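Student: Structure for the following, please:
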Amino acid sequence: MKSILDSTDFNLKQVEALVKQFQLEETTADYLQKIITQKEKNGSFHFIKLDEYLKQVQDSKDMAEIYYANKNFMKFLDDSKSFYYKRVFTPLIALNAGNESWFYSSLNELMMTDPRRVYFEKNFLSEKKSSNYKKMVQEIFKKYMNRINVDYEQIAFSLYMSHYSFDEDIFSEVSYAQIKDVIKSDRKSRLLFPLWLYGIYKNGTSSDFLEYFNSATNLENLDRLNIDQFQIFEFSWPTNDIKREVLVSKLIQIGQDKDEFSRYLFSSLLGNETIRSSFNQSNKKIDTPQFSLSRSFYKSSLEDGVGVVFSLYNLMKAGDLNKLYLWWLVL
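Tutor: Prediction:
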């Protein structure tokens, strides 16, 4: 007998059939309906649109056709409301448009995007599909690398790609000497200071890292710090009280944001006791234990259908083994 679990697209009627076929308990049936309703509400990023776009621009030599393909794909990215995927694929549109200036500006925006945002995309792909699209994105990133002709941009993009589990042959290993040379010689590279910090953290000494960290986290930079640049505080935290006051105020604003990534970042950074103590020093004590804060976030994220695999992994790691959660992977 064909199982309903073979279906790749569930709706509420199919859930009812699933309940009958496997004689599921009423509480399980209610939870399944909740999952389907949430997934339908969220929508997803349709990678088939990327497939179609790539075929259009590869098969056509007509500039008018390429122009409209670019325009339609950009509209799709806008309509998808995916901050992360728009950052990933805009440089590709710029390349296909033959606009070098746009390519570099959009590439820099991508490199200033916290790669952990990928965890909180609404769509969920099967393991097979996820693997296919990972290869596709890897090939696109490889294309970006091959088109970069600015030394510091190549070094920065190699560092950015090392965040991902891509094949190592598509990016070069970066040495501390290369990073140090870039920092000294190219003023334009300073906007990418989170990547340099990451590279120094990986390849330099502790004193090398702290020297650049203290320099990069000056009050001027902290004042205009955006949320994606807060990734640097996973490595260290300023010792200066004024800097800490500025950052605590910014983190409070981030924690009040309803955006899933903002809430994740807030929860993640508060896991650092030094950062948490800065809240106490600023008379903004966080009373909720870190375990409760993290568990609440991942449970809420899962129930919202956002970052499903990432949230499940962290809930199970924390010992929250509710079997109902696993239905998020099935439906």
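Student: the bottom helix or strand of this protein by mean pLDDT?
Tutor: Across the helices and strands of the chain, mean confidence by mean pLDDT, DSSP states H and E is lowest for helix 12-22: a mean of 59.
Student: Could you point out the helix or strand that follows that one?
Tutor: Going down the chain from helix 12-22, the next helix or strand is helix 26-42, by DSSP states H and E.
Student: Now that following helix: average pLDDT?
Tutor: Averaging pLDDT along helix 26-42 gives 80.
Student: Which neighbouring elements make contact with it?
Tutor: helix 12-22, helix 327-330 (3 or more C-beta pairs under 8 Å, 6 or more residues apart in numbering; DSSP states H and E). Just so you know, the C-beta spots here come from the backbone N, C-alpha and C atoms, and that holds for glycine as well.
Student: With residue 97 as the reference, measure out to residue 63.
Tutor: 9 Å (C-beta to C-beta, to the nearest Å).
Student: Also residue 278?
Tutor: Taken as C-beta to C-beta, the span from residue 278 to residue 97 is 45 Å.
Student: Over to residue 175?
Tutor: Counting by C-beta to C-beta, the gap from residue 175 to residue 97 is 34 Å.
Student: Those two: which is more packed in?
Tutor: residue 97 (18 against 13; other C-beta atoms under 10 Å).
Student: so what pLDDT did that one get?
Tutor: 95.
Student: residues touching it, list them.
Tutor: 66-67, 70 (C-beta atoms under 8 Å, 6 or more residues apart in numbering).
Student: where's the most centrally placed residue in the chain relative to residue 227, distance?
Tutor: The chain has residue 117 as the residue nearest its centroid, 1.6 Å off, counting by C-alpha atoms, centre = their mean. Distance of residue 117 to residue 227, given as C-beta to C-beta: 10 Å.
Student: Give the intersection of the neighbour lists for the two.
Tutor: What both residue 117 and residue 227 touch, as defined by C-beta under 8 Å, 6+ apart, is the set residue 261.
Student: Which elements pack onto the longest helix belonging to the chain?
Tutor: Assignment by DSSP state H gives helix 127-147 as the longest helix of the chain. Judged by 3+ C-beta pairs under 8 Å, 6+ apart, helix 127-147 is in contact with helix 47-59, helix 83-96, helix 151-161.
Student: So which bits of that helix are buried?
Tutor: Buried residues in helix 127-147, counting neighbours by 16 or more other C-beta atoms under 10 Å, are found at 133, 137-138, 140-142, 144-145.
Student: So what angle separates the directions of that helix and helix 83-96?
Tutor: Relative orientation of helix 127-147 and helix 83-96, computed by axes from the mean of the first three to the mean of the last three C-alpha atoms, to 10 degrees: 40 degrees.
Student: so where's the stretch 51-200 of the chain shaky on pLDDT?
Tutor: 122-131, 165-171 (pLDDT under 70).
Student: Go again with 90.
Tutor: 51, 58-62, 80-82, 118-138, 162-173, 184-191 (pLDDT under 90).
Student: Just list the residues touching residue 46, thanks.
Tutor: 76, 80.
Student: mind pulling up the phi and psi values for it?
Tutor: Residue 46 adopts backbone torsions of phi -90, psi 100, taken as degrees, to the nearest 10.
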